[in-house]
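Student: turn this into a model:
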Amino acid sequence: MSLEAPSTLLGLAVKSLLRHEALAISVLQQLPTELFPSLFKEVFKSRHMKILTAMVAVWPFSCLPVGALMQIPDVVILQAVLDGVDMLLKQQVHLRRSKLRVLDLKKVHHVFWDVFMMVFNTFKPYYIEEMCLSIRWTPRVLSRFAHCFGQMRNLFKLHLARISVHTNKAIYTLEDVKKYTARFIAQISKLKCLQELIVNDSYFSSEHMKQLFRCLKTPLESLSIKLRKCSPLGLKHLSECQWLFELKHLNLFGVSLFNFCPTARQVLLKSVADTLQTLQISNCCIRDSQHSALLPVLSQCLQLTHVNFYDTVISISALKDLLQSLANLSKITEEHYPAPLECYDDQGHVLVNKFANVCLDLLNILRVKRQPKVIDFATNICRKCFQRCVFDGKTRLCPCLS
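Tutor: Purely as a prediction, here's the structure:
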């Protein structure tokens, strides 16, 4: 027996319309604009040709990317679409509603069917307070979106997730991509209410990262950078951005800090020492010497309540120094540390007994100065069961080692 997800109100409304073809055609002039994409996709899928033709004739957007909906060329569908265009051209329908200017028959993914432009026809950019972008853009659509983006003057949380620019090399050059991406990033300077910025797996060049930090025009409370590939040049500008000096939350994940100047790291942490409450440096490439350079500044972050250094490569010696530097920070309520290198064999397998003994010794270093509230030491994620071995006073092994 299978369980189906309950229908949404929008889905029920669409299905109800399709059961009454004549009614559906008659109400298209009064149908809310935001319902058109969903209704059109359902009409297209269920092959209601008369409704399809009528919808094309009163299409309320400038572009109809019908090619993106076709897996294979469909002569019947194309004829129904062209009939709608013919109706529009012959002015046999009321033209007050129709805005169709481009019939896009290319068989490529189109942002329209992901709703971004529909959203801005429904919700005014000025009133949007939170936004998450996760999409593969074309340069032209990115350029169009930039204008709307710059109007989001009340935006306080922005999440740029997996942003990439897709190009047809026959149409766009690399310089076009750089230009359109830069134009998009430049709009961030207009977001005067921005407080939280998350950059997650976005394919920005080092120059674009540099521009991103330079475009900030408001003090951020929270900054999270989660990248698979990131140039140290871009990160260098973190320490030069005056709008990061009041940060309460800083999260760096998967960021290479090998060539991130120690002085720049110290300047950044020292500048936020009076305000920083959450610090997460996880899955980052940091050597022991770089840990050591951070310790004097970390000990000055007296407002810290939460630290996380999971998946960081570190020796027992360096981890002991890190714990000593944090031992006097009385406001810390939650702390997560990586198992040191010595807890693994040459193949990267966990040495269970050593892991338990080493972590107990490390825990006792903190207990001399204060009683930790929530604390654990964890190994890297197991490649077989995708879980960790964790020591939090007791040893809990991943299923593979249990």
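
Student: A strand includes residue 152, no?
Tutor: No. According to DSSP: H, G, I helix; E, B strand; the rest coil, the state of residue 152 is coil, so it is not within a strand.

Student: for it, what are its contacts?
Tutor: For residue 152, the contacting residues are 125, 126, 128, 131, 191, by Cβ atoms under 8 Å, 6 or more residues apart in numbering. For glycine as for every other residue, the C-beta is placed from the backbone atoms N, C-alpha and C.

Student: pLDDT of the host helix or strand of the fourth one, averaged?
Tutor: Looking back up the chat, that one is residue 131. When elements are assigned from DSSP states H and E, residue 131 belongs to strand 130-133. This predicted structure assigns strand 130-133 an average pLDDT of 81.

Student: swap in stretch 276-286?
Tutor: Taken as a whole, stretch 276-286 carries a mean pLDDT of 84.

Student: got the contact list for it?
Tutor: By Cβ under 8 Å, 6+ apart, the surrounding residues in contact with stretch 276-286 are 247-258, 269, 298, 301, 303-314.

Student: give the buried residues for the strand holding residue 131.
Tutor: Within strand 130-133, the residues that count as buried by 16 or more other Cβ atoms under 10 Å are 131, 133.

Student: low-scoring stretches of the stretch 101-250 of the chain, by residue?
Tutor: Low-confidence regions of the stretch 101-250 of the chain, defined by pLDDT under 70, span residues 106-115, 117-123, 134-141, 162, 164-172, 201-203, 227-236.

Student: check which element follows the host helix or strand of residue 366 along the chain.
Tutor: Element membership of residue 366, judged by DSSP H and E, is helix 352-369. With elements assigned by DSSP H and E, the helix or strand that comes after helix 352-369 is strand 374-378.

Student: helices or strands up against that next one?
Tutor: Contact analysis of strand 374-378 by 3 or more Cβ pairs under 8 Å, 6 or more residues apart in numbering; DSSP states H and E lists strand 334-338, helix 352-369, strand 390-391 as its packing neighbours.

Student: hmm, back to that, buried subset of the contacts of residue 152 as a PyMOL selection?
Tutor: What follows is the PyMOL syntax selecting those of those that are buried according to 16+ other Cβ under 10 Å:
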select buried, resi 125+128+131+191
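
Student: from the contacts of residue 152, which land in strands?
Tutor: Applying DSSP state E to the contacts of residue 152, the entries found in strands are residue 131.

Student: would you mind giving the contacts of residue 152 as JSON lines with distance to residue 277 added?
Tutor: Rendered in JSON lines, the data for the contacts of residue 152 read as follows (distance: Cβ to Cβ, whole Å):
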{"residue": "125", "distance to residue 277": "31"}
{"residue": "126", "distance to residue 277": "31"}
{"residue": "128", "distance to residue 277": "27"}
{"residue": "131", "distance to residue 277": "24"}
{"residue": "191", "distance to residue 277": "23"}
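
Student: list just the nearest of the contacts of residue 152 to residue 358.
Tutor: Each of the contacts of residue 152 was scored against residue 358 by Cβ to Cβ, and residue 131 proved nearest at 44.4 Å.

Student: just list the residues touching that closest one, thanks.
Tutor: Applying Cβ under 8 Å, 6+ apart, the residues contacting residue 131 are 152, 155, 157, 158, 159.
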